[in-house]
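# Need a 3D model of the sequence below.
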Amino acid sequence: MCTVFSFAFYDLGSAQCWEESLILSRFCRLYDILGASKIVYKKRGMDALNTQQKEAVCHTEGALLVIAGAGAGKTRVITERILHLIQSGVAPEEILAVTFTNKAAKEMRGRVLCLLEKNLEINRPTRTSSEPFIATFHSLGVYILRENFRTVGIPRHFSIFDRSDSVRLVKAALKEVGYSLEQFEPKKILGSISRQKGNAVGRVEYQSAHASEFYPRVVSLVWEKYEKALHDEKALDFDDLLIKTVELLEQNKSILKKYQNMWKYLSVDEYQDTNGVQNKLTHLLANKHGNICVVGDIDQTIYTWRGADISNLLDFEHKYPNTKIIMLEENYRSTKNILDASNSVIEKNANRPKKHLFTNGEIGEKISLFKGCDEADEARFVTEKSGELINRKVPPREIAVLYRVNFQSRVIEEFFLDCGIPYQVLGVRFFDRKEVKDVLSFLRLALNPESVADLKRVINVPPRGIGKITLLRMVSGRESECTAAMQKRIGDFRALLSNIQNMVLNQAPSETLRFILKESGLKKHLRDGGEEGQERLLNIQELIALAAKYGRDTPLEGVEKLLTDAALATDQDTLIENTNSVKLMTVHAAKGLEFDYVFITGLEDGLFPHEMFEGLSGSSTRRDEEEERRLFYVALTRARKKIYLSYASVRNVFGARRINVQSEFIGDIPEELLVLENEAVEREKVIYLDLDDE
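Sure thing, here's the model as predicted:
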């Protein structure tokens, strides 16, 4: 019998020698006692990086462009580079790292803190306990705006409006300028405004550039009213968080200089997804010292419809002279067969730097292809294969079902429910649930009494008998016109908000939420609301549990961070990672995630690649073929072990039966990498799932 010990160390610099010697001497005695035949001594940290990764980590001065393929360890490079900067003498607080989602920022922050805690050399008692600033673009904007709220002309506790809040204001603005909702779709008008803000274009500039065009004139009129409504409610929308930050830094050189000196080393992840205003913000912060590292992959640019500008990455080396360019092509995620298929697909695109992913890992299984009669047949196939995998002891959380458009999930969910397969659909955000938004609105209103949106939301949560006329009087400052009984109700509500504000300033966020739940009457109201009320109450309890994580800061800072994270949450932030369930999501939502087994469904011409799309400008246009291929490439590279491709000969699309041909993307994959599954057969077997061991 051969006994092998695998022993790992972290690269700790000069402080590691005595520690390793001590551990090794003790471990070798254990080796003798147990009679092990071999010790595998494997280092971590810098010693575990490949040549290109080490080069990226060690290049700390000047501009660095890292073209990182899918699964090439880009997050590891960024975190190891931050550690290396600190080991080299850079103060942690001089480092800024920016990414796109709360999930990615949380993961990066966790990795960095773990590396710092394990590093003995930089954790001596004399070392400062400061940390690098790791955030999303939007939370960075919130941080800068809150620090400079007086200069910007906003309250410190401004509200952050989500899309539904913004659509409400646009609807009102359309009516105010004399147009009906039948003439113009509010979401399209909002999309046009958002596109301009994302390009760092203000209303006045847009208006003067399109003065003679009808639709832009309408947008300009609505935009003006929309801005005024935001100002009146002391609120900013998502785009304002960035464009107002850029305006602040451009117009106030002393403030710009402050942040340039604060953050002398800047790292930006997923740089291919930046839009105009994000690119400008990055350049403003990095321009003085020039120590900027951006990591991205042209082949994973899938958000141009949302304003992402691929030229930001392509032109980076021209903006920063003497840029060091490093290509990361070794993949640590997927099998060789998966990478060969992915390379074959993406190499058809012309607008990309040449890059070829490879792996030193196993060849792996071939890619399965299934042709179904219709969407039900396809869903049956996905369900059966998922059941087989689960019965082979594959954890359900390691299975993902991807689709191009959200409507495709319905039939898959039906089959999963019938067969008892646990699943979770990404896209239903926890913070979008009514009861959660209600409790958070109490918090926001206590901090920002001028937020009409929050006042309207919670004035009758639970019911207080305050009608629309009374609400209008409250908003316009005419409460004295109300009856004495109604004034008493209003007074009680104002007292509740005052007490909540006092709790915010003096108690932990979780205690404040408990106070709101009880003193507002919401707890009793939901308890009396039957099964649905109990479920909503559980969601609020989950919110309280989440709020406990913000208890390390001062009470006010904790509440501010909670409200910011809730406002800026994305679909990926709804991913419950400790839930052992199959994940269903669009390919866009899957970006940045990885699973052992991946189903890519609906591979039909016109569906994937998709024929039409609606951009931020509100107009429908032909989808960029190269971007659709990049999207398919992203889907393929989510898988570690095995991919299942499927399509339906006939599909019901918005009430119409459509006859399909298979996607051209299937033809991009070499035949020798594909294995055909049984086509459209009658399936009556029942799937029995044994989840006891999971």
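# now the helices for the stretch 251-400 of the chain?
Counting by DSSP state H, counting those that start in this stretch, the segments of the stretch 251-400 of the chain that form helices are 253-262, 276-286, 311-314, 316-319, 336-346, 375-391.
# C-terminal to the helix or strand encompassing residue 643, which secondary structure element comes first?
Here residue 643 is covered by strand 639-648, with elements defined by DSSP states H and E. On the C-terminal side of strand 639-648, the nearest following helix or strand under DSSP H and E is strand 650-653.
# What are the buried residues along that following strand?
Of the residues in strand 650-653, those with enough neighbours to count as buried (16 or more other Cβ atoms under 10 Å) are 651, 653. Yep, even glycine has a C-beta here, placed from its N, CA and C like the rest.
# can you offset everything so residue one is 704?
Sure, I'll start counting at 704 from here, so that last one is strand 1353-1356.
# for that strand, what is the average pLDDT?
Mean pLDDT, taken over the full extent of strand 1353-1356, equals 86.
# Would you check the distance separating it from the middle of the chain?
The chain centre lies 31 Å from the centre of strand 1353-1356; the measure is Cα atoms, centre = their mean, to the nearest Å.
# re the thing from before, what sits up against the strand holding residue 1346?
1036-1038, 1041, 1044, 1067-1068, 1070-1078, 1080-1081, 1084-1085, 1088, 1297-1307, 1339, 1363, 1365-1366, 1369, 1377, 1380 (Cβ atoms under 8 Å, 6 or more residues apart in numbering).
# likewise stretch 1068-1084?
Contacts with stretch 1068-1084, where a contact means Cβ under 8 Å, 6+ apart, come from 1038, 1040-1041, 1044, 1088, 1111, 1114-1115, 1117-1118, 1304-1305, 1344-1355, 1365, 1369, 1372, 1376-1383, 1386.
# can you give me the strands for the stretch 1254-1397 of the chain?
Remark: strands of the stretch 1254-1397 of the chain, listed N- to C-terminal, are 1285-1289, 1298-1303, 1315-1317, 1323-1325, 1342-1351, 1353-1356, 1359-1362, 1377-1379; assignment by DSSP state E, counting those that start in this stretch.
# on that earlier part again, selecting buried members of the contacts of strand 1342-1351 in ChimeraX, what would you type?
To isolate the buried subset of the contacts of strand 1342-1351 in ChimeraX, counting by 16+ other Cβ under 10 Å, use the following:
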select :1036,1037,1038,1041,1044,1067,1070,1071,1072,1073,1074,1075,1077,1078,1080,1081,1084,1085,1088,1297,1298,1300,1301,1302,1303,1304,1305,1306,1307,1339,1363,1365,1366,1369,1377,1380
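# if we can go back for a sec, for the helices of the stretch 954-1103 of the chain, which one sits closest to residue 1261?
Closest approach to residue 1261 among the helices of the stretch 954-1103 of the chain (Cβ to Cβ): helix 956-965, 22.6 Å.
# and that closest one, what does it pack onto?
For helix 956-965, the packing partners by 3 or more Cβ pairs under 8 Å, 6 or more residues apart in numbering; DSSP states H and E come out as helix 941-954, helix 979-989.
# In the last one, which of the residues would be classed as buried?
For helix 979-989, the buried set under the neighbour-count rule, 16+ other Cβ under 10 Å, comprises 979, 980, 981, 982, 983, 984, 985, 987, 988, 989.
# Check the nearest residue to the second one once chain neighbours are set aside and give its pLDDT.
The one in question is residue 980. The spatially closest residue to residue 980, leaving aside those adjacent along the chain, is residue 903, at 4.2 Å (Cβ to Cβ, 6 or more residues apart in numbering). According to the prediction, residue 903 has pLDDT 89.
# Make sure residue 903 is indeed in a strand.
No: assessed with DSSP: H, G, I helix; E, B strand; the rest coil, residue 903 is coil; it does not lie in a strand.
# got a list of what it touches?
With contact set as Cβ under 8 Å, 6+ apart, residue 903 has these partners: 946, 949, 979, 980, 983.
# Quickly note the distance from the third one to residue 986.
What that stands for is residue 979. If you measure residue 979 against residue 986 using Cβ to Cβ, to the nearest Å, the figure is 11 Å.
# Next up, phi/psi of the residue nearest the centre of the chain, please.
Using Cα atoms, centre = their mean, the residue of the chain that lies closest to the mean C-alpha position is residue 804, 3.1 Å off. Comment: the main-chain dihedrals of residue 804 come out as phi -120, psi 150, following degrees, to the nearest 10.
# thought it was touching residue 1295?
Yes: with the criterion set as Cβ atoms under 8 Å, residue 804 and residue 1295 qualify as a contacting pair; they are 7.0 Å apart.
# Would you state the helices of the stretch 1254-1397 of the chain in chain order?
Assigned by DSSP H, counting those that start in this stretch, the stretch 1254-1397 of the chain shows helices spanning 1258-1270, 1290-1293, 1328-1339, 1367-1370.
# With mean pLDDT as extra columns, can I get those helices in JSON lines?
Listed next are the helices of the stretch 1254-1397 of the chain as JSON lines, based on pLDDT from 0 to 100:
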{"stretch": "helix 1258-1270", "mean pLDDT": "90"}
{"stretch": "helix 1290-1293", "mean pLDDT": "92"}
{"stretch": "helix 1328-1339", "mean pLDDT": "95"}
{"stretch": "helix 1367-1370", "mean pLDDT": "95"}
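# I'd like to know which of these is closest to residue 1189.
Checking the helices of the stretch 1254-1397 of the chain against residue 1189 by Cβ to Cβ gives helix 1258-1270 as the closest, at 30.1 Å.
# what does the closest one contact?
Helix 1258-1270 is touched from outside by 805, 842, 845, 849, 860, 863, 865, 1134, 1139, 1143, 1146-1147, 1150, 1206-1212, 1215, 1249-1250, 1253-1256, with contacts defined as Cβ under 8 Å, 6+ apart.
# so that helix versus helix 941-954, what angle?
Taking axes from the mean of the first three to the mean of the last three Cα atoms, to 10 degrees, one finds that helix 1258-1270 is oriented at 120 degrees with respect to helix 941-954.
# In helix 1258-1270, which of the residues would be classed as buried?
Of all the residues in helix 1258-1270, those buried under the rule 16+ other Cβ under 10 Å are 1258, 1261, 1262, 1263, 1264, 1265, 1266, 1267, 1268, 1269, 1270.
# Now that we're looking at the residue nearest to the centre of the chain, what pLDDT does it have?
Note for residue 804: predicted pLDDT of 86.
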